[in-house]
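Colleague: Could you work out the structure for the sequence below:
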Amino acid sequence: MELAEQFSKPSCVILKHGNPCGVALDKNQEKAYSKALKCDPVSAFGGIVAFNKTVNEKTAQMIKKIFTEVVVAPNFSPQALKFLAMKKNLILVKYQSSNSPTKKTIKSTRNFLLVQDKDNKIIKKNDLNYISKKKPKLNEIDDMMFGFIVCKFTNSNAIVLTNNLATVGIGIGQTNRLDSAKQAIKKMKENYKKIKAVMASDGFFPFPDIVTLCAKNNVTAIIQPGGSIKDKNVVKVAEKNKISMVFAGVRHFKH
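Modeller: Reported below is the predicted structural model:
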C-alpha cells in the first residue's frame, strides 16, 4: 500500500515475497491491473495485489482469473466485494492510510534492534540533473520518475524497466547491479516484443557495463543517483550509444 499510495493516478501493485513484480498506473483501474500483471505473470501467481483506489467490478473479475492470496485497497465496490467474496481462500483487506508517513523502520538481530530513518524522499522533476547531451523526451521523464519510485520499494540492488507508466522488467536483490539489470532485461524479453524501455536504478553505476547492456536491449534512457568515481566514463558511454542519462542525486537502498 505504501508503494500504491505514492501515486495520485489509479495504481496497481502486485507483490511477491516482499518485492513488487508488477506496478502500473492508468486512468482505468482494470488497465492498471492488466499492465501490472503483464510485467511478470508467473511471479504474480499466489501474490498480493494492492490498489490506491476503490476496487471496481471489472478489476475484480480480472483478479478472479488468477490465484491471488490477498487484495488490499482503501475500499471495494459492493459488486466487487460480492464477486471476490465467492473466491475461495482469498483475503480482502481494507487499508486506511495514515495522514502522517512512517518515520522509522526497525530490524532485529539476536540481541539488538536497528532503528533507521525511513526512506520517504520523493524526487521531483526539478531535482533531476540532465547530465547527458541527449535529453530525455517528456514521456521518458515520466517513466523515469515512476521507475525510480518503484526502485525505492524494491530490494537492492534494484533495476526497474518501465514503459508507458508500467513496469516491464524488474531486477531484484542481486549481489551485483549488473546481474539485476540482466534479470530485468530477461523478464522484459520474456513478456514483451520489441518494446523500448526506460531504466531506473536505485544506486549509482560503478562501471559503464550496464549502459553497454542497455544499448543492446532497446533501453533509451536511464535515471540513476550518480556519485560514482566512474560517472564521467559512464556518461561518455551513454552518449556514445545515444542514451539519455539523468542523475537523481538521491540513492534508494532497501534491505
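Colleague: Strands along the stretch 101-250 of the chain, start to end?
Modeller: With DSSP state E, counting those that start in this stretch as the criterion, the stretch 101-250 of the chain has strands at 104-108, 113-117, 129-130, 159-162, 167-171, 197-201, 219-224, 244-247.
Colleague: Walk me through which strands the fifth one pairs with, and which way each runs.
Modeller: Strand 167-171 has these partner strands in its sheet, going by DSSP bridges: strand 159-162 (antiparallel).
Colleague: Could you do the third one as well?
Modeller: Using DSSP bridges, the strands paired with strand 129-130 in its sheet are strand 244-247 (antiparallel).
Colleague: Residues in contact with the strand it pairs with: which ones?
Modeller: With CB atoms under 8 Å, 6 or more residues apart in numbering as the test, strand 244-247 has contacts from 128-132, 134-136, 140-141, 144, 211, 220-227, 231, 234-235, 238-239. Where you see a C-beta, it was placed from the backbone N, CA and C, and this is true even at glycine.
Colleague: again, 6 Å this time
Modeller: 128-132, 134, 136, 221-223, 226, 235, 238 (CB atoms under 6 Å, 6 or more residues apart in numbering).
Colleague: mind putting those residues in CSV, distance to T105 and neighbour count included?
Modeller: Output for the contacts of strand 244-247, formatted as CSV (distance: CB to CB, whole Å; neighbours: other CB atoms under 10 Å):
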residue, distance to T105, neighbour count
L128, 26, 18
N129, 28, 10
Y130, 32, 13
I131, 31, 19
S132, 34, 19
K134, 38, 15
P136, 32, 22
A221, 31, 27
I222, 28, 28
I223, 24, 28
G226, 25, 19
V235, 33, 21
A238, 33, 25
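Colleague: now, among those, which is nearest to L178?
Modeller: I222 (13.7 Å; CB to CB).
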